[in-house]
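*Asks:* give me a 3D structure for the following:
(chains A and B)
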Amino acid sequence: MIRYALTRTALLLLGLFVASAVIFLTLRVLPGDVAQLIAGTGSTPEQQEAIRARLGLDRPLPLQYLEWLGGLLRGDLGTSLLTGTGVGEELVRRAAVTVPLGILSLLIALAVSLPLGVVSAVRRARADGVALSVGAQALAAVPVVWAGMMLVVVFAVWLGWLPAQGFPREGWADPGAALRALILPALTIGLIEGAMLLRFVRSATLSALGQDHVRAAAARGLTRTAALVRHGLPVVGLSVVTVLGLQIAGIIVGAVVIEQLFTLPGIGRMLVADVAARDLPKVQGALVALTGFVLLVGFVVDLTHRALDPRQRETA
Amino acid sequence: MSRAALRRQRRARLRARRWGWLGRLWALGTGRFGLLVVAAVTLTALVAAVWTPFDPQQVDLAARWSAPGLDHPLGTDGSGRDILSLLMAGARTTILVAVGAGLIATALGLVLAALGALTTRVVRESVAVLIDILIAFPVLLIAMMISAVWGGSLAVVVWSVGIGFGVNIARVTRPELRRVLHSDVVLAGKAAGLTPVQNLARHLLPHVAPVFIVQLSWGMAVAVLAEAGLSYLGFGAPVTDPSWGLLLAELQQYLTVYPLSVLWPGLAITVTVLGLNLLGDGLREATDPTLRTARGAARAARTHMPEVVA
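*Replies:* Sure, this is the predicted structure:
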């Protein structure tokens, strides 16, 4: 276990390094001349030179990278080109919307997929099991934006139960209103993610049903359901942990689109606005933070899985 | 039997083996649905290239928000453009992006997989680690990163999905390539005096092709979703181009007044993505010999896990 943890930590560090290098190179080297891009087409060479000096673009590239990396290690994600505010500060402020949205989505996805996935596997030969499986397959093909729009049509336009857009200006000062604003967005992401997870839970349950120890438990006199619950579901739970990293990455991506649809002032909407405005230092900082988070989640998930799985504990 | 007849017979048998998977694919519910959807979308795109009922960008303010009827089977939008024509023309964009991203993913995936499977140990292992790291970048974030530099365009969508899914393909194809590398067929080819390149073309690639094509089908589904999502965000198709995602963004402003107008572009995307996903599922079942013999639960247990793109 310790050896595995060390290897995995090394891989995480390597991953963070590669990710930061890829993002740096794409945003600094590819464009050719960032300064010209920022200054606009009608700018004079002097203006461009000033911008280059301000951004430190006149120094050698490896030096620029190391400086940026040093800033990252100190927790400095850079400053916005347009507003001059720190990227880190704004990320933290906007996380107050995106993090609750993400957690709510994940909870909905798990609440939908775990019970229904197991049911659709156990009743795979009956109409309801087949319907669940087909429904999940179809739902997994729905674009998140459109799912959000349809939910808005039903719950906001027709029924008028929930707001169609927006987030209270005063944030979480009024928790009820803030939560109401997050229900439809979280439901959208949670349902689509849940449909994908359902298919995974279903296949994990099916392979658990066929495993010798579950069949042996049933042969010993347990009912099939009891055998599955006592001996099969722990294995299913373990394999769900392995895809949790993928799910969280999916939720982040879903949040980018959904925050746009519901005009929520979260990290995703910030990223969209910054990309549109070509605020390169800010995009760079935000992307590093997001990919770093995805890599970190993968790391935690792998270690947790390793610690939970007795089969892997013995071999380590 | 004469020699010529024998040769004919042998050729027929080879042909049957080469095209047998197509029959098996058609026999599967998933495969048939997938094939039909892909054929329908491709056909629509081809027809739309020469003819649509109306000019998709033609503004006709007198006919704003026409209800579905004889003139406009799916109605019109807020500037009187015919929605059916817009959808047909949008199929063109969708096919273009899916094929383009597929080509890039194929090239990148094959190169990465070959580098990760056929080279010396140091290179091989580093490529494997690199693939593991790159897989953590979601396609949408890659696209936004490139858009920040070059501005959004369909080319950016094609490249980012191609890169993102190429890495995915490489991850699945690499172990397969390594497995075949040590098989008797390749060994026999080597013994018979084939050069490495001949061996690659004649034995290695045909053996990994099934895995590869299945991945490609799923990758194209990702491309369709990514095009829609990025065009919706404003980083994909330019506003003058017909695109399903763009149409969603335009109709969204009138969601409270004309709620059902967004139904059609959304359905078009969903059916296309579902078709490509099921085609991939069907292709895998038709080409994977171990899956063909597996029964019931064991077969159903091996579903693939799609990713959220947009």
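*Asks:* and the strand or helix carrying B:Ile269, anywhere near chain A?
*Replies:* Using DSSP states H and E, B:Ile269 sits within helix B:263-287. Yes. Part of helix B:263-287 sits near chain A under the criterion C-beta under 8 Å from any C-beta of the partner chain, namely B:265-266, B:269-271, B:273-274, B:277-278. All C-beta atoms are positioned from the backbone trio N, CA, C, and that covers glycine.
*Asks:* wait, which of the residues you listed is closest to B:Ala98?
*Replies:* Of all the residues of helix B:263-287 next to chain A, B:Val273 has the smallest distance to B:Ala98: 10.1 Å, by C-beta to C-beta.
*Asks:* so, low pLDDT: which residues of the chain?
*Replies:* Since you didn't name a chain, this refers to chain A. Within chain A, the stretches with pLDDT under 70 are A:29-41, A:312-316.
*Asks:* that's the other chain; I wanted chain B
*Replies:* In chain B (pLDDT under 70), the answer is B:1, B:16-18, B:63, B:70, B:288-310.
*Asks:* what do you get if the cut-off is 50, keeping everything else the same?
*Replies:* Along chain B, the parts satisfying pLDDT under 50 run over B:297, B:310.
*Asks:* residue closest to the middle of it?
*Replies:* Centroid-nearest residue in chain B, with C-alpha atoms, centre = their mean: B:Met220, separated by 1.7 Å.
*Asks:* my guess is that one meets B:Gly100, correct?
*Replies:* No. B:Met220 lies out of contact with B:Gly100 (C-beta atoms under 8 Å); the separation is 10.1 Å.
*Asks:* quick revisit: tell me what the helix holding B:Ile269 is packed against?
*Replies:* Where contact means 3 or more C-beta pairs under 8 Å, 6 or more residues apart in numbering or on different chains; DSSP states H and E, helix B:263-287 is packed against helix A:127-139, helix A:144-151, helix B:3-27, helix B:29-50, helix B:83-118, helix B:205-233, helix B:244-252, helix B:289-293.
*Asks:* any chance of those in JSON lines, with distance to A:Ala307 too?
*Replies:* Shown next, in JSON lines, are these (distance: least, C-beta to C-beta, whole Å):
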{"stretch": "helix A:127-139", "distance to A:Ala307": "30"}
{"stretch": "helix A:144-151", "distance to A:Ala307": "33"}
{"stretch": "helix B:3-27", "distance to A:Ala307": "43"}
{"stretch": "helix B:29-50", "distance to A:Ala307": "38"}
{"stretch": "helix B:83-118", "distance to A:Ala307": "29"}
{"stretch": "helix B:205-233", "distance to A:Ala307": "32"}
{"stretch": "helix B:244-252", "distance to A:Ala307": "42"}
{"stretch": "helix B:289-293", "distance to A:Ala307": "32"}
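*Asks:* with A:Ile248 as the reference, name the closest of those.
*Replies:* Of all the helices and strands packed on helix B:263-287, helix A:144-151 comes closest under C-beta to C-beta, at 15.1 Å.
*Asks:* show me the contact partners of the closest one.
*Replies:* Outside helix A:144-151, the residues that touch it by C-beta atoms under 8 Å, 6 or more residues apart in numbering or on different chains are A:139, A:184-185, A:187-189, A:191-192, A:254, A:257-258, A:261-262, B:228-229, B:232, B:245, B:248, B:252, B:255, B:262, B:265-266, B:269-270, B:308, B:310.
*Asks:* hang on, the earlier thing: out of the helices and strands packed on helix B:263-287, which is closest to A:Glu49?
*Replies:* Of the helices and strands packed on helix B:263-287, the one closest to A:Glu49 (C-beta to C-beta) turns out to be helix B:205-233, at 33.6 Å.
*Asks:* where's the closest residue to chain A within the stretch 151-300 of chain B relative to A:Leu107, distance?
*Replies:* Nearest residue of the stretch 151-300 of chain B to chain A: B:Gly266, at 3.4 Å (C-beta to the nearest C-beta). Look at B:Gly266 and A:Leu107: by C-beta to C-beta, to the nearest Å, they are 26 Å apart.
*Asks:* more neighbours: which of those two?
*Replies:* Between B:Gly266 and A:Leu107, B:Gly266 has the larger neighbour count (other C-beta atoms under 10 Å in any protein chain shown), namely 22 against 12.
*Asks:* returning to that earlier point: wait, the residue of the stretch 151-300 of chain B closest to chain A sits on A:Val153?
*Replies:* No. In this structure B:Gly266 lies outside contact range of A:Val153 using C-beta under 8 Å: 10.7 Å.
*Asks:* got the buried residues for the helix holding B:Ile269?
*Replies:* For helix B:263-287, the neighbour count (16 or more other C-beta atoms under 10 Å in any protein chain shown) marks B:263-266, B:268-287 as buried.
*Asks:* what's the closest non-adjacent residue to A:Ile248?
*Replies:* A:Val297 (5.0 Å; C-beta to C-beta, 6 or more residues apart in numbering or on different chains).
*Asks:* how close does the one you found get to A:Ala147?
*Replies:* Distance from A:Val297 to A:Ala147, by C-beta to C-beta: 24 Å.
*Asks:* who has more neighbours, these two?
*Replies:* A:Ala147 (22 against 18).
*Asks:* could you report the distance from the more buried one to A:Ala195?
*Replies:* 10 Å.
*Asks:* next one: A:Ala136
*Replies:* A:Ala136 is 4 Å from A:Ala195, by C-beta to C-beta.
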